[in-house]
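*Asks:* A predicted structure for the sequence below; I have some questions about it.
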Amino acid sequence: MSNIGFIGVGKMGLPMMNNLILSGHSIIAYDHSEDALKNALKKGAVVADNIKEATSSQDIVITMLPAGKDICDVYLGKDSIFSAADSGTLFIDCSTVDIGSAINVHKEATRNEMYMVDAPVSGGVGGAEKGTLTFMVGGTEIAFARAKNILGDMGAKIIHAGGEGQGQAAKICNNLLLGISMVAVCESFALADKLGLDRQTLFNISSNATGQCWALNSYCPVPGPVPESPANNGYVAGFASSMMHKDLALSQLAAQSNGLQTQLGALTEKLYKNFCETGNSDVDFSGIFEMIRK
């Protein structure tokens, strides 16, 4: 079992951390939020007073932070956590950030004689709670080999996407596809409503026909067909719309930087931007159905 520092124990980080504790690892946690730290303490973690305390003398340090700016502050700022770690410490960043920031962190880790993987996740809060997350991992073969078993204590599928930054590349491409798919499913149900077609009937047909996809079959954005989907719980976020918008914005940044136009992606990013700006940032991303149908 490992001694692990876990930085960022919010909605996603807390259940991920809890699964590590249940697997027998010793955790020291840090978060800017006092409430998050109280929750971590209740789960059995030791609480650190600062980031460096959560990093010092740990075998592994895991970060789960909101954005690229946060990652740069923690890893590349004047008080970089690399300075508090022992040589050879493994760092696992599970945040979703821009590829450039991820690569810069990898380079700094190498300079400090540390091991590093970028390992963004798919599966939302529900997957974090159940330990069924998919991890898309970027880094060297050696770093991936060290990280794989730890990630396996938090997820069901651990996939080595390639070298530094390729975990982020995989996550951005996946969520570009997911966002477009969700909007398409929402538009289909909105049209069905106008045509007088029963929602359950549409689901029964499309979920077994050529229209089937994860956004429909597993996360249906209308109440009824998939009992465990957020649509049946007032769209309480399993994956917040603000996070979907962030990922779509990252996809557009990556596309533009590489001379590619993703027209459906660009439109979907604008739709989620509008949805968030009208007070729905914390609503589950499937809740955009309500905006589309109106």
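*Replies:* Arrived safely, thanks for sending. All of these numbers come straight from a predicted model, not from anything done at the bench.
*Asks:* which other helices and strands contact the lowest-mean-pLDDT helix or strand in the chain?
*Replies:* Least confident helix or strand of the chain, by mean pLDDT, DSSP states H and E, is helix 68-76 with a mean of 89. In terms of contacts (3 or more Cβ pairs under 8 Å, 6 or more residues apart in numbering; DSSP states H and E), helix 68-76 is packed against strand 60-63, strand 90-93, helix 99-111. The C-beta positions use only the backbone N, C-alpha and C, and glycine is treated the same way.
*Asks:* again, only this time at 10 Å
*Replies:* Packing contacts for helix 68-76, counted by 3 or more Cβ pairs under 10 Å, 6 or more residues apart in numbering; DSSP states H and E, involve helix 51-55, strand 60-63, strand 90-93, helix 99-111, helix 241-257.
*Asks:* Next, work out how far apart Ser251 and Gly24 are.
*Replies:* Counting by Cβ to Cβ, to the nearest Å, the separation of Ser251 from Gly24 is 37 Å.
*Asks:* which of the two has more neighbours?
*Replies:* Neighbour totals were compared for Ser251 and Gly24, and Ser251 leads with 25 against 9 (other Cβ atoms under 10 Å).
*Asks:* Could I have the CA atoms of stretch 182-196 written out in PDB?
*Replies:* Extracted C-alpha coordinates of stretch 182-196, given in PDB (Å, rounded to 0.1, in the frame of the first residue of the first chain):
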ATOM      1  CA  MET A 182     -25.800  15.000 -26.200                       C
ATOM      2  CA  VAL A 183     -27.000  18.100 -28.200                       C
ATOM      3  CA  ALA A 184     -28.100  15.800 -31.000                       C
ATOM      4  CA  VAL A 185     -30.000  13.500 -28.600                       C
ATOM      5  CA  CYS A 186     -31.700  16.500 -27.000                       C
ATOM      6  CA  GLU A 187     -32.800  17.900 -30.400                       C
ATOM      7  CA  SER A 188     -34.200  14.500 -31.400                       C
ATOM      8  CA  PHE A 189     -36.400  14.400 -28.300                       C
ATOM      9  CA  ALA A 190     -37.400  18.000 -28.700                       C
ATOM     10  CA  LEU A 191     -38.600  17.200 -32.200                       C
ATOM     11  CA  ALA A 192     -40.300  14.100 -31.000                       C
ATOM     12  CA  ASP A 193     -42.300  16.200 -28.500                       C
ATOM     13  CA  LYS A 194     -43.400  18.600 -31.300                       C
ATOM     14  CA  LEU A 195     -44.500  15.600 -33.500                       C
ATOM     15  CA  GLY A 196     -46.400  14.000 -30.700                       C
END
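*Asks:* And that stretch, how far out from the chain middle?
*Replies:* 27 Å (Cα atoms, centre = their mean, to the nearest Å).
*Asks:* again with stretch 159-176
*Replies:* Chain-centre distance of stretch 159-176: 12 Å, with Cα atoms, centre = their mean.
*Asks:* buried residues in that stretch?
*Replies:* Along stretch 159-176, these residues count as buried under the neighbour rule (16 or more other Cβ atoms under 10 Å): 159-161, 163-176.
*Asks:* List the ones among those that fall in helices.
*Replies:* When DSSP state H is applied, those are split such that Gln166, Gly167, Gln168, Ala169, Ala170, Lys171, Ile172, Cys173, Asn174, Asn175, Leu176 fall in helices.
*Asks:* nearest to Leu76, of those?
*Replies:* Taking Cβ to Cβ as the measure, Leu76 lies nearest Gln168 of these, at 15.5 Å.
*Asks:* So what are the sheet partners of the longest strand anywhere in the chain and their directions?
*Replies:* The longest strand of the chain (DSSP state E) is strand 155-162. Strand pairing for strand 155-162, determined by DSSP bridges: strand 133-138 (parallel).
*Asks:* Export the strand it pairs with to PDB, keeping only CA atoms.
*Replies:* Taking Å, rounded to 0.1, in the frame of the first residue of the first chain, the C-alpha atoms of strand 133-138 are listed here in PDB:
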ATOM      1  CA  LEU A 133     -14.000   5.700 -14.100                       C
ATOM      2  CA  THR A 134     -12.100   5.500 -17.300                       C
ATOM      3  CA  PHE A 135      -8.600   7.000 -17.100                       C
ATOM      4  CA  MET A 136      -6.900   8.200 -20.300                       C
ATOM      5  CA  VAL A 137      -3.200   8.300 -19.500                       C
ATOM      6  CA  GLY A 138      -0.300  10.200 -21.000                       C
END
